[in-house]
Every structure is written in structure tokens, then in C-alpha cells.
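*Asks:* Here you go, sequence then predicted model.
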Amino acid sequence: MDVTTHADATTAGSRTAAGRGSTRSAAPAGRRRRGSVTMAWRKRLEITFFVAPALTLFVLFIVVPVVQAGRYSLYRWNGLGPMVDFVGLENYANALRDQIFTDAVMHNLIIVVLSIVIQLPLGLAIALLLNREIRGRTVLRVVIFVPYVLAEVVAGVVWFMLLQPGGAMDGMLEAVGLGGLTRLWLGDPEIALYTVMVVLTWKYLGLAIILFLAGLQGVPTDLYEAAQLDGASWWQVQRRITIPLLGPTIRTWAFLSMIGSLQLFDMVWILTKGGPANSTMTMATYLINQGTDRSLYGYASAVAVLLFGISLVLAAAYQIFVLRRDNPDAPQPRKVRR
Amino acid sequence: MASKRFLSTVALGAGAAMFLAACSGGGSDDATAGGGGDGGTSGGGGDVTLTWWHNSNTDPGKAYYEEVVADFEAENPGVTIEISALAHQDMLTRLDAAFQTGDAPDVFMERGGGELTSHVEAGLVQDLSEVAAEEIEMMGPSIDGWQVDGATYALPFSVGVVGFWYNTALFEEAGITEAPESMEDLYAAVDALKAADIQPIAVGAGDKWPAAHYWYYFALRQCGDEVLAEAAETQDLSDECFVRAGEDLTELVAAEPFNEGFLATPAQSGPTSASGLLATGQVAMELAGHWEPGVMQGLTEDNQGLGENTGWFPFPTVEGGDGNPEVPLGGGDAWACSADAPPECLDFIRYMLSDEVQTGFAELSMGVPTNPAAEGAVAIPALAELVTIRNEAPTVQLYLDTLFGENAGGAMNDAIALVFAGQGSPQEIVDATQAAITNG
């Protein structure tokens, strides 16, 4: 999964950056051949043959579970025995009435916003820095990317130990004379969500930086040369050339970040299990809590469908309003001319 | 990453049956014996294979159970037992999955109460009332937790009680000479410990159930076991003693006796868990069950736990409560046969409860045996004390979350944890549990 999204983002970045000047129609139209009906049939057969395995897996492991979840969500069912207690949309109504769930949705949205607000400028700044010829650049890149490579469970356990009362984090603060700043990082409902946010930033900043760096490779050097000739400052170059040309990469990263934040589960589960006092509960931890811990499989399925729906709506909205401009084949919003 | 996580989230909650089926499929890989087939299907020539899931996945328990199986197989030619030794939580998750897919192991661990009731209602366990009448007689009141409507569905092999485990050295350091008997004594002990700069009580409120045990005990002291049993039967918590229990709890939380950061402290995992804090001498006491010495041993480098400093006292008396202070909160584990298990399943369970096997079980401190013949073999003195208390108690009140079943019990634990966080009220514990009963 990582590889494909990464590659997608890279090509999206380089394609628009490098290929903006080239004519759009050249590649696909040149290959297309008209005429022979058998060729068309053969082509269809080929497509069917190659798509079938992937399609089967997709149906089996994505479509079927989603449909099943929809079905379960209409029953009151503890997971044992046959489903007999049909309750219609009651599970959905209960979920939307449950303040823990609506709070969880809010937490997810806070995480979506904070991820972008914190990681975008930070990631961009570091990527621009690392894109310059500086000593130890490779080492720095590796160091920054390590948290992203580290398994989430391992990272979570390590941070959990660090953030314990009297743990290494408090020890370090005390050592530098900031003993007054020590907190119950994970034990205080007021700040636990933000503690989790810091860990998430640490974990995912590497991805943003690597994507931005990849995008930067696609910015044509002649533009920089031209700017240099015009006497543009480094800041002007970044603001007028680099960042705009990095747009598609940034938008793709933001999309990944948004979807990841909406479905956030593992780090929260390890650090806080959604506590203390539900202050870090996300939709996904709520779903597991209600499903496997309480055996409310019907209800948990309703929550899963809601999570799916919310993610789908936001993803679709983002595709339509933000990502569309990066896809040259998509119909562009028409501008009325007078 | 993002979409992978998304998929597993959807699959987990949503296609529960599908996803979990995959897990249970993996379960058979853990079986040590090679034999064919699962679900206890008889092979050729009258040979029978039993699948057995247990949670003693570390030595010496794991090795002991392998030995027990070898002996049983030698005495019963034609019977093969496939063992799956799983971590406790894994075992519970897989059992849930196995029940959903109709692929349950022949012999499994049953914890009783509302959980058992839902298994019985779904027709997943065998009624052992008649075939095991002799063993049931032997158990005495310990068997209560595994009966539904007068029928017995599982035979307990370990039943213990919850109380305060404490560090005798730290108590001494704080000048506490006698174990607290009433709540007043406990508050005095807490003050004395604080004055000596010792954190009084560890509680793993991050996992919720250890915190919930306090409310269970207050409810038991305020209401009495008969009121609790009736409440579980009628699924009605309107008796005002339940609110009083919450008031006692609020008072306790307000006294701030708990370890720093207790809201995020896990129960038993790692040195910073509640059990770890007690085992390493960083707090003076913890409310926990009979498993505590074993857990503490696993959390200290020398595998000794608190060793000689291990002390135990029962939950204090509560002024004005209607409950009998002699009744402890507790529970245990029992072996059950799944609905499709062959008759050999019962032979195996009988063997597991025999004097011989239970004695070995007690010697290794794997639990608190239910067979009276094995009681003298309990190795740790404080644990031996528990056996006496359990046996002399008029009855043992099953943990309320188990008693009320996963749904209502879970809602109860969540609401109690909120009171620990200073966010819930005594009335809300009752309301949340009642709402879960109604909506579940």
C-alpha cells in the first residue's frame, strides 16, 4: 500500500511539474488503433484476464465486508448465534445520540486539521532544507524517515514508556531545568489528545518530507536558472516556483494524511486505548471497543458504516474540489467567458 | 498504510465474522500435535481428537499442561489432544471468533456469569449437570458461577477472591502495624503512607476493570450478594444501594490514594503497570485477585515478585452497608465442553480436576484449586490464606462485569472509569449500565 501511494504521489508530482508544457493528447491517442473487431475483442479478453484476479480480491475483501457490515448494522446481534433481532436504523440512531461517538468524530476532525496545519509547514521547511546541498544530507534524510518505517506498535510502546509519570520525558525536562513542565502526558484528559498528536507528528512527518522531496525532484532546474538570472532571492524562488510546482504533491499528501487521520486506530489504541475519560477516543477505537470488548457486533457495524461513510464523503469532496485540478483528464470546471 | 488500516478497520468491525474467521483459521497452526481434523471429529478406527485451548502460555504452566496431556493420552489410547496455549486476551478474541464461525475447540475456558448465559442461549456449551454430578458435588458453592437456571455448564478449576495485596515492608516503613479492617482504617493507612512519601494504592484504570473492582466491592458491601443476584436476574439496578456504592467510590477517589497517572496505567503489562508498580516497591498496595502473586513474579527480574514482603488483607468493611462483610468478590476459570465435543471431552475435564492434576497445578501457583484434596499444596502463604477465606465464605460474589455479561458489564466499567477521572457521578454508573441492558 505504501509503495503504490508513494509512487502515485511521485508521478502526480513529476507529471504535472515536468510535463505541463507538453501536449496532453499525445500519448494515449497515438497508441489507439481502429478497425479490426477481433482486435477489440482480444483486447477486452486481455483486460478481463488481467483484471479478474484483482477484481475478485477486491470484491471478496472489500465489497463483501462492506455489504455485510451494512447488513449486520441493521440487527441487534452479540456475535453469537443467528441474527434474528432486526432493529432497522436504531443502531445508527444510537450511535449518533452517543456523546462518546460524536466526541470521537470531533477528535478525528481535530486530528485531520492539526495533522495538516502542523505537518505541512514543518515538512515543507525541512524538505526545502534537505533539498539543498548540505553536509550529511543523506544521514539526515534517513534519520527523519526512520519513525515512519518503524512499526506503529513498536513506536507506540516506546512512546508509552517515555511518557509515563516519572518516565524519560519527565526526566529529560527535569535535567534541563524545566521540571515545572512535567505533566501526566497520557493520564490527563485535558492534554492526552495533544500528546497523541505530537507522537503522530513525529511518526508521520517523515512521510510528508519524503513525498515533498520526491516532488522537488520534478521541479525543472531551468526554472531556477531563469529565476537566478532575474536576480530572485532564495525565498522568492521557493515562494514563486518551488511551492506552486509542488502543489500536486502537497495536495496528494494532504489527502493521504486526511484519510489516515480519519481512520486512526493503532497509535491511539497502544498509547491510551481511547482514554483517559474517552478524551482520545477516535471512531476506530470506539468501533473496536463496542464491537470486540462489548460484543455489540450489530452496533459496531453501524459505527463502521458511519466511519466508512464519513471517510467516503470527505474523500470524494476532496477529489472533486481539490484533487481534480491535478488530473488533466478530468473535466475542468468551466469558466464563463464574456 | 492509510488504506490498509482502513481496510482492516472496516473488516474488523464490519465483516466481523469474515475477519475473525481468518483469525480462527490461524489458530489451528498453534496446535502442537499434528493430528488431523478439528472440532473433535472422530478419525478412522474409533480414534478421537480433542482440541483444547488454554491460557497458560508461559512455563511452568505450559510445560505442565503438556505433561498432563501426555499422561492422559497414555491412559486413554485412541484419544489425541491438540493443545493451543494462547495469551489470555488472544484466547478470548479467538474464542469469540470460533463461536461465530461454529468452529469452537472441544475443551475451552469458561468464565461464567452473563458470558456463560449468552453461550448457553446460543447453544454453544454442553450441559454437564448429570454426567458430572459427582464433581459438581465436590466443588461446593464454587460451582455457582457456572450454573444457569440450575444447570451446570462448566467445571471450575481455579476460583479465587479479590483483596488488597500489599508490601509489608512499605507498610512497616509508614508505621502501619495492622492491616486495615474498615474504610476508616484504610483512609488512615493512606494518610500514613502519604506522610511517609509513599504512593498508597496502584490501580490500572487504563484497562478499566481494575478500577471497576472498587465499585463492585462497594456495591457488594452496600447491597449484599442477594440484592446483586436479583439485580442480575431481573436486569434491574433501581435499588438505591447501587448509588450509595458510587458515593463511596467518589469519596475514595476524592481522597487521592492512587498512583500518579493512574488513569492511563495498564493493569498488568510491564513494570509501569499497576501490578508492576506494586511488584517493584513503588506503591504500597493494589486491589487485585488471586492471580496477583503470579503476575508480580513475571514482572520482576528475579521472578520473585514481592517475595517475603507479600501481604494480603480483605476489602475493608463499609459503614452502613447492608452486605455481609464475609462475602468476597471473586471468580474463576472453568473447563467447558463445546456443543459438538465428543464424550471424551468430559473424561479429560474430569482428569484435569483430579487430585493429582490439581495438586500439581497448586504447587506451581497456577491458580487456586477447586479440588479440596489439592488445597494444601498451594505454595505461596498469602495465596494459601485466600483458599481459607474462599472456603469459609458463605459464597463468592462473581465479578459484576462477568455477572452482567459483556455488554452491560462493559458499559458499567466505562462509567466507573469516568468517575475515577472525576467526570461521572454515582447515578451515571447506574444509568449507563441500565441503558446498556435495555439497548443491548
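*Replies:* Arrived safely, thanks for sending. Residues are numbered from 1 along each chain as shown, chains lettered A, B, ... in the order given.

*Asks:* Do I have it right that residue A:288 meets residue A:263?
*Replies:* No. Contact criterion CB atoms under 8 Å: residue A:288 and residue A:263 do not qualify, at 11.8 Å. Using the backbone N, CA and C atoms, a C-beta is placed for each residue, glycine as well.

*Asks:* When those two are compared, which one has more neighbours?
*Replies:* residue A:263 (27 against 21; other CB atoms under 10 Å in any protein chain shown).

*Asks:* how close does that one sit to chain B?
*Replies:* Between residue A:263 and chain B the distance is 5 Å, computed by CB to the nearest CB, to the nearest Å.

*Asks:* Counting neighbours, what do you get for residue B:71?
*Replies:* By the criterion of other CB under 10 Å, residue B:71 has 13 neighbours.

*Asks:* which phi and psi does it have?
*Replies:* Per-residue torsions, residue B:71: phi -60, psi -40 (degrees, to the nearest 10).

*Asks:* Can you give me every residue that contacts it?
*Replies:* Residues in contact with residue B:71 (CB atoms under 8 Å, 6 or more residues apart in numbering or on different chains): none are found.

*Asks:* what do you get for the one 5 residues further on?
*Replies:* Contact criterion CB under 8 Å, 6+ apart gives B:344, B:347 as the residues in contact with residue B:76.

*Asks:* same thing but 6 Å
*Replies:* Listed by CB atoms under 6 Å, 6 or more residues apart in numbering or on different chains, residue B:76 has no contact partners.

*Asks:* for the chain, what helix or strand is lowest in average pLDDT?
*Replies:* Went with chain A since none was named. helix A:2-19 (a mean of 41; mean pLDDT, DSSP states H and E).

*Asks:* my bad, the chain I had in mind was chain B
*Replies:* For chain B, counting by mean pLDDT, DSSP H and E, that's helix B:16-27 with a mean of 38.

*Asks:* what's the following helix or strand after it?
*Replies:* strand B:48-54 (DSSP states H and E).

*Asks:* Look up the closest residue to residue A:150, ignoring the ones flanking it.
*Replies:* residue A:203 (7.7 Å; CB to CB, 6 or more residues apart in numbering or on different chains).

*Asks:* same thing with residue B:288?
*Replies:* Nearest to residue B:288 is residue B:165, by CB to CB, 6+ apart, at 5.6 Å.

*Asks:* Next up, identify which helix or strand residue 68 is on.
*Replies:* No chain in the question, so chain A it is. helix A:64-72.

*Asks:* The chain in question should be chain B.
*Replies:* helix B:61-75.

*Asks:* That helix to strand B:48-54, inter-axis angle?
*Replies:* 160 degrees (axes from the mean of the first three to the mean of the last three CA atoms, to 10 degrees).

*Asks:* Direction included, what does the helix or strand following helix B:61-75 pair up with?
*Replies:* Using DSSP H and E, the helix or strand that follows helix B:61-75 towards the C-terminus is strand B:79-85. Strand pairing for strand B:79-85, determined by DSSP bridges: strand B:48-54 (parallel).

*Asks:* Just give me how far the partner strand sits from the chain centre.
*Replies:* 22 Å (CA atoms, centre = their mean, to the nearest Å).

*Asks:* tell me the mean pLDDT for it?
*Replies:* For strand B:48-54, mean pLDDT is 93.

*Asks:* count of residues packed around the residue of the stretch 51-200 of chain B found nearest chain A?
*Replies:* Nearest residue of the stretch 51-200 of chain B to chain A: residue B:122, at 3.6 Å (CB to the nearest CB). Counted with other CB under 10 Å, residues neighbouring residue B:122 total 16.

*Asks:* cool, and residue B:148?
*Replies:* 18.

*Asks:* element containing the closest residue to it other than its chain neighbours, please.
*Replies:* Of all residues not flanking residue B:148 in the chain, residue B:120 sits nearest, at 4.9 Å (CB to CB, 6+ apart). Assessed by DSSP H and E, residue B:120 sits inside helix B:113-121.
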